[in-house]
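S.K.: Return a 3D structure for these sequence lines:
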Amino acid sequence: MKVVNLKQAILQAWKERWSDYQWAINMKKFFPKGATWDILNLAANARPSWEVIHLLFHPFPDVENVFLCYNISPSLLEALLEQAMIGPSPNPLILSYLKYAISSQMVSYSTVLTAISKFDDFSRDLCVQSLLEIMDMFCDRLSCHGKAEECIGLCRALMSALNWLLRCAAFYTEKFKEMLDQVAAENQLKMCLERLEKILDSMKNRALIHIAKLEETSSWSTVEQSLVKLGENLNNLSSPQLRSQADECISLIKSIPTMLSAHSDQLNKTGFPTIHAVVLLEGTMNLTGETQPLVEQLMMVKRMQRIPSPLFVLEIWKACFVGLIESPEGTEELKWTAFTFLKIPQVLVKLKKYPQGEKDFTEDVNCAFEFLLKLTPLLDKADQRCNCDCTSLLLQECSKQGLLSETNMTNLTAKRTADREHAPRLKSAENANIQPNPGLILRAEPTVTNILKTMDADHSKSPEGLLGVLGHMLSGKSLDLLLAAAAATGKLKSFARKFIKLNEFTKHISGEGSKAASVRALLFDISFLMLCHVAQTYGSEVILSESSPTGEVPFFETWMQTCMPEEGKILNPDHPCFRPDSTKVESLVALLNNSSEMKLVQMKWHEACLSISAAILEILNAWENGVLTFESIQKITDNIKGKVCSMAVCAVAWLVAHVRMLGLDEREKSLQMIRQLATPLYSENTLQFYNERVVIMSSILEHMCADVLQQTATQIKFPSTGMDTIPYWNLLPPKKPIKEVLTGVFTKVLEKGWVDSRSIHIFDTLLHMGGVYWFCNNLVKELLKETRKEHTLRAVELLYSVFCLDMQQLTLTLLGHILPNLLTDSSKWHMLMDPPGKALAKLSVWCALSSYSSHNRGQASARQKKRHREDIEDYISLFPLDDTQPSKLMRLLSSNEEDANILSSPTDRSMSSSLSASQLHTVSMRDPLNRVLANLFLLISSILGAKTAGTHTQFVQWFMEECVDCLEQGSRGSILQFMPFTMVSELVKVSTMSSPKIVLAITDLSLPLGRRVAAKAIAAL
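M.R.: Numbering: from 1, shown residues only. The predicted structure is shown next:
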């Protein structure tokens, strides 16, 4: 292009007063094809633009002084605007050229907006009006189909224009103070506010401003300052219409930073089975768990299902009352009482700290109780079961924790008291015998603290005093009450540590008399029995300590890990742990066989407990070979259980392992010996608290023998404690395939609409028995059979709560195996139709989000940590990391130099088809969950880009919609960071996903590349 062409064009336009279309036709002659006037923005060095314009528009311009068009700076558009606005009113000819350039897209919208925002003489009303009219031409249909940088430029320009309009509006509101020409000021302000509204009414524009805000925080600060200034001047306005219009604009601008977190609550439902099941599962299986993971899990469900706060709290209370009513008598009932009255108030205290919106959380709790009081039959049934006014006790507890105001508590208590007048009562004779558990649990909680303090004292100073305290703990149901209270308040581990310390203390023997020896024997026995009871009731992980600095493992821990039978733990009776020093064994056998009773003085009880297994083997062999008679065996077993019950426990522990290894005809004598050891000794010569210790011993032995007795079809009568000592045991019906049991239980649960404690335990047993893949696959099949929308939604809510039994492993199976199989096998696509397909997408997202958030915090419940099972898949081999096995995923995981260049300068080369935010955040791909998520998103991306569409494509759309619905924002730490950036442009082609808000939600806006991808996708909408 020759210099002269541009110069002549401008000269002719000025001289001959070309019309706008003539000007455009001639310009097209002079400019190469495809060029726009934005090119003029690329200048590097030139005279100031006003000087150029002066030269161009001078009647006799100096040809030599006109520069090459590419050197004009900052842009010809700005210069033309400046020239047009040189007087009090704009130059119509130049403006007409400008408008034509905009209409025919010779200049980009960002260039126009940037140029307008540089005009700051608001006193020239006519010029301002012209600029507002120019904005009218395109502000409601802004778009950009260029490169990502140009789209980001549009975002910045739009934010500059927003700030310009705010400054303009603030200027005219200030003019109202001067009381001069208020009508003109009002008209100007009205025009400004109309344009502001026009820009802000568009979700697309707000989304672009949102990106600009993250791109340039300093410019957003300027916008905020202009907002403050406009807000201060609003009082000057006399017109209420203008004031409300301005207020609306201000609130719209203020909502831009939070536009992604605004979710409306679900108001068409009153029951939420997922919350109900999560609370039931926690109360039934994880009383000792920390409160924080439960709080975060509940908040996750609340957010995913958009549950209003009052109904959320109500559902927690409903689950607690149902748990109280249906819990089996005995320990389970006490656990539920402690969970309801001690742990849940603590959970609510932590929930109170989460942002709840405008409403105060105490108001939500009050509202929840108001709803709860209407469920009179539920409350009456709980009161009848517990023999007290449960609601009033709960209200008092919540008031103590600051969850309810005094006035609300009094009001709610009065309502419940009035309701109870009409409640069915137990007969007075029955009533008198039942002590209310809630009252006992609430009293037990401070007692736990006192006992812990007592246990901290030096045991050697007053062992008798300590024995008295322990004796009180053993009486009646005191021990179970105290343990339940300790478990619910997170003190059980420290409780167990104190008893291990006490058990270790009894190893130390100095010159002792018979009284001191009997006290030491009792301290050993009681601490041992209590620890066994805790391990069986609350799980052995409560007992285990972190490795001590000395490296010495306490005796009880060693015995529990190697010798104590537990569910799912198979012991080898010939293991070295059962074969101690032979001389100690011989002396123990002689002692048991020859003495009339067990000696106490100088007795090393921990050694006796470790030697008893080998001693029992010797005695058993002697009996089987006819060396010992049955009477001798009775005398020996009486000696074993006569003084300390712990020896009997250790003996039975070995016998249980031994019986498993024997043939059917060889078991009789071993089982007879178990029966002998389990029968209490009725003699006057026993040590103190014998009856109380026997009760605990019987419970321990019953737990130990349950599996073996079932396998050998043997019955042993343990002394009755008047309660079901092993609740939820042996729940599966005999001779029925486990798949039928699974489908049967799931169907019942679905019909009922909520999961009960018994069903949770059956699901847990089936998960152990069938394995993770079998369990997950069959439940997904059941979900895909449902054809009614309301049934599928309920099934998802219930399945999610069942998956909480082992969320991590079940999620890996669902996302790593089951979904890929369904999405890649065209013969299965019909199964993904709506509604079951949509429900499966919802379940997959819920599981992925829950697993990812808890996994990132390293929270696996104790229940999941102790689960013994085979690994369903080696994810490292499934998705290889080494370069010798290239796969599509390899590009995502690679870190060679070429990819590093892509990351460092994404504009310089084409973006990798699999580059995702997780790589830029350097998320570890050696982690199975991260690998599975990355692989799933690659699969989704390939489905979107494929030429074949079908129900699997629809499934992908539902999956992404659910991700957007559940996430506050697609930022760092969400599962969407594994989505390849290139997938965004594919997604916006799907009609339901082509919304600015969805694009913002699915891209990681904390990254510059994420913002460019989002800007490009939104600008093209």
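S.K.: Please determine how far S850 is located from T274.
M.R.: Distance, S850 to T274, using C-beta to C-beta, to the nearest Å: 11 Å. Bear in mind the C-beta positions are built from the backbone N, C-alpha and C, glycine included.
S.K.: the helices in the stretch 1-150 of the chain, which residues?
M.R.: Along the stretch 1-150 of the chain, the stretches classed as helices by DSSP state H, counting those that start in this stretch are 3-16, 20-30, 49-57, 76-84, 92-103, 109-116, 125-136, 148-175.
S.K.: sorry, back to before: so for S850 and T274, which residue has more residues nearby?
M.R.: T274 (27 against 22; other C-beta atoms under 10 Å).
S.K.: mind listing what that one touches?
M.R.: Contact partners of T274, counting by C-beta atoms under 8 Å, 6 or more residues apart in numbering, are V301, Q305, E797, L798, Y800, S801.
S.K.: run the last query once more with 6 Å
M.R.: V301, E797, Y800, S801 (C-beta atoms under 6 Å, 6 or more residues apart in numbering).
S.K.: Turn the helices of the stretch 1-150 of the chain into CSV, including mean pLDDT and mean neighbour count.
M.R.: Output for those, formatted as CSV (pLDDT from 0 to 100; neighbours: other C-beta atoms under 10 Å):
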stretch, mean pLDDT, mean neighbour count
helix 3-16, 57, 16
helix 20-30, 73, 15
helix 49-57, 35, 18
helix 76-84, 69, 23
helix 92-103, 82, 18
helix 109-116, 89, 24
helix 125-136, 89, 18
helix 148-175, 90, 23
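S.K.: Please produce a markdown table containing those, extended by distance to D825.
M.R.: Output for the helices of the stretch 1-150 of the chain, formatted as a markdown table (distance: least, C-beta to C-beta, whole Å):
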| stretch | distance to D825 |
| --- | --- |
| helix 3-16 | 63 |
| helix 20-30 | 56 |
| helix 49-57 | 64 |
| helix 76-84 | 57 |
| helix 92-103 | 53 |
| helix 109-116 | 47 |
| helix 125-136 | 54 |
| helix 148-175 | 37 |
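S.K.: Distance-wise, check the residue nearest the centre of the chain relative to D247.
M.R.: For the chain, S850 is the residue whose C-alpha lies nearest the centre (C-alpha atoms, centre = their mean; 4.1 Å). Distance, S850 to D247, using C-beta to C-beta: 40 Å.
S.K.: To what extent is the nearest residue to L93 once chain neighbours are set aside buried, counted in neighbours?
M.R.: Nearest-residue entry for L93: R17, 6.5 Å, with adjacent residues in sequence omitted and distances by C-beta to C-beta, 6 or more residues apart in numbering. Neighbours of R17 under the rule other C-beta under 10 Å: 10.
S.K.: With L592 as the reference, measure out to R17.
M.R.: For R17, the distance to L592 equals 125 Å [C-beta to C-beta].
S.K.: what do you get for G289?
M.R.: 43 Å.
S.K.: So those two - more neighbours on which side?
M.R.: Shown here are G289 and L592; by other C-beta under 10 Å, L592 has more neighbours (23 against 17).
S.K.: Give me the domain ranges for this structure.
M.R.: 71-261, 273-420, 442-545, 740-857+871-879+916-979 (the TED database).
S.K.: Of all those domains, which one is nearest P436?
M.R.: Among these, the nearest to P436 by C-beta to C-beta is domain 273-420 (3.6 Å).
S.K.: Any idea how far apart the tips of the closest one sit?
M.R.: 28 Å (C-alpha to C-alpha, to the nearest Å).
S.K.: so where's the stretch 801-950 of the chain shaky on pLDDT?
M.R.: The stretch 801-950 of the chain contains residues with pLDDT under 70 at 856-914.
S.K.: Which residue ranges of it form helices?
M.R.: 807-813, 819-824, 836-856, 862-865, 875-878, 888-893, 897-904, 917-920, 928-945.
S.K.: rewinding a little: between the domains of the chain, which gets nearest to E702?
M.R.: domain 442-545 (9.4 Å).
S.K.: Ends of that closest one, what's the gap?
M.R.: 28 Å.
S.K.: distance between it and the chain's centre?
M.R.: The chain centroid and the centroid of domain 442-545 are separated by 37 Å under C-alpha atoms, centre = their mean, to the nearest Å.
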